[in-house]
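Student: Need a 3D model of the sequence below.
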Amino acid sequence: MKNSFQIIALAVLTGLIVFSLIGESGATLSKSDKKKKAKKQDIKTFEGPVGESVEERGLLAPVIKVKDIISQNAAYHKDAQHVKVHNDTKVLAYVTPWNNKGYEIAETFTNKFDLISPVWLQVKRGAEGSYQITGEHDIDNGWMARLRKNNPAIQIVPRLLFDGWKGEDFVSVLKSQSEQSRLGQLFAKTCQKHKFDGLVLEFWSQLGGQAKEPLAGMTSIIARTMKKEGFATILVLPPIRHRELEYFDRTDFDRLAKDVDFFSLMTYDFSSVQRPGPSSPLPWMKDCVEGLVPDSDDENRRKILLGLNFYGMDFTINGGGPILGRDFIKILDNVKPNEKLKYDDNSEENFIELKKGDSSHIVFYPTPFSVLKRLRLAEELNSGISIWEIGQGLDFFYELL
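Tutor: Predicted structure coming up:
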């Protein structure tokens, strides 16, 4: 991809000596930097319900000013809590117990979500094919009750991670359909016990693209067992066409489409600290969906939940890493108010290049415009959306759902 963000990334990563992150993790400043440190900007901010939409506030433009993000990010239209804009788009939202804002967002905007997946559970494999569900201490029954009161149609489908599984564990299970059935029965009993509507299963990438046919067979047995008891199965998928070895492709999808209810496609983390750039280029996202289901009229497209990141990335010569919405606002507090986020026409993402003394970095973070572009892409593709994760986003994003 020879475009603007790569040129900027190359210049920053090769032309500077010392970089540091600005954000919640802290930054290393020289004495001169500390003396020059600017005071926090005196910008009037708005929070909670307001009378104008993001469009009426001028926030749905590809190029957006820093001061507008700082001022408006915590505000949303007064009707946004009750109205789902994209009615035909299935929306799955992840919530993590280490980021409490996600719980609050889920309650505030319950009617925007069809499926909520709190990241609570793990399954561990013991000796002689025994299994144990862990993480049940994180389950919040009061929160689930409030979500269902706000939106009786919402489905609560916690994520379940195959925690600590080694290759030999998978080999043993893949050889035994009885073990696979026991897994499915354990998952169904867990749903019954805690009144879940199903589970999001994350394990496919753990075998590195190997043994895909028997892995699909195991997934089908688990999904059929769950479905027999009235529970949904959602499978987390790595994106295709990102590496030479595709962990999941069209053949795998076709094997599972009749049994799995939804596929949560991780169309983010396209770039890395070794290759700075956008998190989820729009053409790549489209390619990932079309690679699994080429026919736009195929109803199986509706089973794909296109991954949408609500976090950003801060790249430096020393690496960098992901940032949450609150980190992004702290970064912008050190930028001139009238400076603008740049827009890359190829990836259709926003970024900003920052310099402070001898330090510099490039930050990619979603904007209302980039989020809307991805929601419209999902409509165009007849797919759904899966958000990782709602506690990491900014409040004005949720008005768009």
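
Student: and residue 272, what pLDDT?
Tutor: pLDDT recorded at residue 272 is 88.

Student: burial of it, as a residue count?
Tutor: Using other C-beta atoms under 10 Å, residue 272 is surrounded by 12 other residues. C-betas here are computed from N, CA, C, even on glycine.

Student: Phi, psi for it please.
Tutor: phi -150, psi 180 (degrees, to the nearest 10).

Student: check contacts around it.
Tutor: Neighbouring residues of residue 272 by C-beta atoms under 8 Å, 6 or more residues apart in numbering: there are none.

Student: Could you give the bridge partners of it?
Tutor: Taking DSSP bridges as the rule, residue 272 bridges to residue 275.

Student: going on from the lengthiest strand in the chain, what's the next piece of helix or strand?
Tutor: As assigned by DSSP state E, the longest strand anywhere in the chain is strand 115-125. For strand 115-125, the following helix or strand on the C-terminal side (DSSP states H and E) is strand 131-134.

Student: Tell me which helix or strand comes right after that next one.
Tutor: Counting by DSSP H and E, what follows strand 131-134 is helix 141-150.

Student: List the contacts of that next one.
Tutor: 103, 106, 107, 110, 111, 116, 154, 156, 194, 195.

Student: Run through the residues that contact the third one.
Tutor: Meaning residue 107. Applying C-beta under 8 Å, 6+ apart, the residues near residue 107 are 143, 146, 147, 150.

Student: and of those, the nearest to residue 224?
Tutor: Closest approach between the contacts of residue 107 and residue 224, by C-beta to C-beta: residue 147, at 27.8 Å.

Student: Check what pLDDT that closest one gets.
Tutor: Reported pLDDT for residue 147: 98.

Student: For it, grab the count of nearby residues.
Tutor: 21.

Student: got it, and residue 202?
Tutor: 21.

Student: Equivalent analysis for residue 221, please.
Tutor: 18.

Student: Surely it touches residue 178?
Tutor: No: judged on C-beta atoms under 8 Å, residue 221 makes no contact with residue 178 at a distance of 9.8 Å.

Student: can you give me the helices for the stretch 251-400 of the chain?
Tutor: 282-292, 325-332, 368-381 (DSSP state H, counting those that start in this stretch).

Student: JSON lines please, covering those and showing distance to residue 207 and mean neighbour count.
Tutor: Below are these laid out as JSON lines (distance: least, C-beta to C-beta, whole Å; neighbours: other C-beta atoms under 10 Å):
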{"stretch": "helix 282-292", "distance to residue 207": "19", "mean neighbour count": "20"}
{"stretch": "helix 325-332", "distance to residue 207": "34", "mean neighbour count": "21"}
{"stretch": "helix 368-381", "distance to residue 207": "28", "mean neighbour count": "20"}
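
Student: Now the contacts of residue 107 in CSV, please, with extra columns for distance to residue 320.
Tutor: Shown next, in CSV, are the contacts of residue 107 (distance: C-beta to C-beta, whole Å):
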residue, distance to residue 320
143, 33
146, 37
147, 35
150, 37
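
Student: Who wins on neighbours among those residues?
Tutor: Result: residue 147 is most packed of the contacts of residue 107 (other C-beta under 10 Å), 21 neighbours.

Student: What separation do you get for that one and residue 94?
Tutor: As judged by C-beta to C-beta, to the nearest Å, residue 147 and residue 94 stand 14 Å apart.

Student: What of residue 332?
Tutor: 25 Å.

Student: Quick check: which helices or strands does the helix or strand where residue 179 lies pack against?
Tutor: Using DSSP H and E, the element containing residue 179 is helix 177-194. The contact analysis (3 or more C-beta pairs under 8 Å, 6 or more residues apart in numbering; DSSP states H and E) places helix 177-194 against strand 115-125, strand 131-134, helix 167-174, strand 198-202, helix 212-228.

Student: Of these, flag the one that's most buried.
Tutor: Ranked by mean neighbour count, the helices and strands packed on helix 177-194 are led by strand 198-202 with a mean of 24 (mean count of other C-beta atoms under 10 Å).

Student: one step back: please convert the helices of the stretch 251-400 of the chain to CSV, extending it with mean pLDDT.
Tutor: Output for the helices of the stretch 251-400 of the chain, formatted as CSV (pLDDT from 0 to 100):
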stretch, mean pLDDT
helix 282-292, 96
helix 325-332, 96
helix 368-381, 98
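
Student: Skipping its backbone neighbours, what lies nearest residue 348 in space?
Tutor: residue 282 (4.2 Å; C-beta to C-beta, 6 or more residues apart in numbering).

Student: who's in contact with the one you found?
Tutor: Taking C-beta under 8 Å, 6+ apart as the test, what residue 282 contacts is 347, 348, 349, 373, 374, 377.

Student: just the contacts of residue 107 now: which is nearest residue 80?
Tutor: Looking across the contacts of residue 107 and measuring by C-beta to C-beta, the closest to residue 80 is residue 150, at 13.7 Å.

Student: And that closest one, how far from residue 107?
Tutor: 7 Å.

Student: Then residue 304?
Tutor: 27 Å.

Student: and if you look at residue 96?
Tutor: Per C-beta to C-beta, residue 96 is found 15 Å from residue 107.

Student: again with residue 308
Tutor: 20 Å.

Student: Mind listing the residues bridging to residue 199?
Tutor: residue 233.

Student: Quick check: it touching residue 161?
Tutor: No: the criterion here is C-beta under 8 Å, and residue 199 misses it with residue 161 at 10.5 Å.
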